[in-house]
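Visitor: please work out how this folds:
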Amino acid sequence: MSASSVIGTSLTMAKALNEGLRKAMEDDPKVVMMGEDVGKLGGVFRITDGLQKDFGEDRVIDTPLAESGIVGTAVGLAIRGYRPVCEIQFDGFVFPAFDQIVSQVAKLHNRSAGQVKVPITIRIPYGGGIGAVEHHSESPEAYFAHTAGLKVVACADPSDAYWMVQQAIADDDPVIFLEPKRRYHAAKAEIAAAPTPLHQARVIRPGTAATLATYGATVSVALEAAEAAAADGTQLEVIDLRSVSPIDTETVVDSVRRTGRLLVTHEAPLSFGPAAEIAARVQEQAFYSLEAPVLRVTGYDTPYPPSRLENEWLPNLDRVLDGIDRLMSY
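Guide: Sure, this is the predicted structure:
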């Protein structure tokens, strides 16, 4: 499928990512992909399906089961002028590569006084909701957002998936690219004609009563909650943050100044998570606009539970609506 034929087409997130990766490889011969089973198999989730057949084994590389080796090799390729795209098969598998990411990938540009660019994109299927065991359902974004030198983004719909993965690959800085795996095949959506800037949040549902800010897989939950709240006369403004680091604080603050209330939701655990950072920034910049404390609905401060309990652990519709009720009660 050519890039022009993708625009306006309804695709799943999985297919949109595949087309976005294909477009990046067509546009720049220095883009290479590497990861466990990304070539012949097309990845566990088939995101890279067909790419090795079309671009060859030198550009779509099946690697050993060694995440540290995948990212370490990518560092060398980046220094030599390539734009490597690393796939981490599941979120919890990224930790063997953690030292490479925070010690090398995040620091080489600064260490070299800006002379060395590290245009590495690290794709991580993240989050729960697929009935998987531990190490397959984690939300590790706070680790990377806390690391200076890394950018962290999360797509929430097929159009953003298509455009954002290309923007991440074209970025001269390293990008942690989070893909909500339970949304891969959830629903089709039309691919927009042009992208939103990579680190710009977007108001995806206007409202007046309160602001609901989120990203990734919980965007669909937030929209569902806003629909349910509207039936009771509460109009929620929903913001898809899209970028965890840097955070588009301005869009959130502007919304809160209009609504007076803010609830932040994400799958990552509560303590020290992105929601806490957003809450801090909002109270610093919009304190006198707040009519209630900033509330959070997140995963719990526990290891990810067995699959039979994950629906209660994740920020589901009932938990988000309960948070809205508490927010509106002030």
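Visitor: count the residues that sit near residue 143.
Guide: 18 (other CB atoms under 10 Å). Every residue, glycine included, has its C-beta placed from N, CA and C.
Visitor: wait, it touches residue 92, no?
Guide: No - between residue 143 and residue 92 there is no contact under CB atoms under 8 Å: 11.8 Å.
Visitor: which residues of the stretch 201-330 of the chain fall in helices?
Guide: Using DSSP state H, counting those that start in this stretch, the helices found in the stretch 201-330 of the chain span residues 218-231, 249-259, 274-285, 310-313, 317-328.
Visitor: now swap in the stretch 1-150 of the chain and tell me
Guide: 3-6, 13-27, 51-55, 67-79, 98-100, 108-111, 141-145.
Visitor: and these: which comes nearest residue 232?
Guide: helix 13-27 (30.4 Å; CB to CB).
Visitor: in the closest one, what counts as buried?
Guide: 13-25 (16 or more other CB atoms under 10 Å).
Visitor: same check, this time on stretch 84-103
Guide: Judged by neighbour count using 16+ other CB under 10 Å, the buried positions of stretch 84-103 are 84-98, 100-102.
Visitor: name the strands paired with the longest strand belonging to the chain and say parallel or antiparallel.
Guide: Counting by DSSP state E, the longest strand found in the chain is strand 262-269. Sheet pairing for strand 262-269, assigned by DSSP bridges, gives strand 210-214 (parallel), strand 295-299 (parallel).
Visitor: would you turn those strands into a markdown table with distance to residue 286 and mean pLDDT?
Guide: Shown next, in a markdown table, are the strands paired with strand 262-269 (distance: least, CB to CB, whole Å; pLDDT from 0 to 100):
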| stretch | distance to residue 286 | mean pLDDT |
| --- | --- | --- |
| strand 210-214 | 10 | 98 |
| strand 295-299 | 15 | 98 |
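Visitor: okay if I get these as JSON lines plus mean neighbour count and distance to residue 149?
Guide: JSON lines is the format used below for the strands paired with strand 262-269 (neighbours: other CB atoms under 10 Å; distance: least, CB to CB, whole Å):
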{"stretch": "strand 210-214", "mean neighbour count": "29", "distance to residue 149": "25"}
{"stretch": "strand 295-299", "mean neighbour count": "23", "distance to residue 149": "25"}
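Visitor: closest to residue 241 out of those?
Guide: strand 210-214 (5.9 Å).
Visitor: picking up where we left off before, got the strands paired with strand 262-269 as JSON lines, with distance to residue 283 columns?
Guide: Output for the strands paired with strand 262-269, formatted as JSON lines (distance: least, CB to CB, whole Å):
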{"stretch": "strand 210-214", "distance to residue 283": "13"}
{"stretch": "strand 295-299", "distance to residue 283": "12"}
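Visitor: where in the stretch 1-150 of the chain is pLDDT low?
Guide: Low-confidence segments of the stretch 1-150 of the chain (pLDDT under 70): 1-4.
Visitor: what about 50?
Guide: Within the stretch 1-150 of the chain, no stretch has pLDDT under 50.
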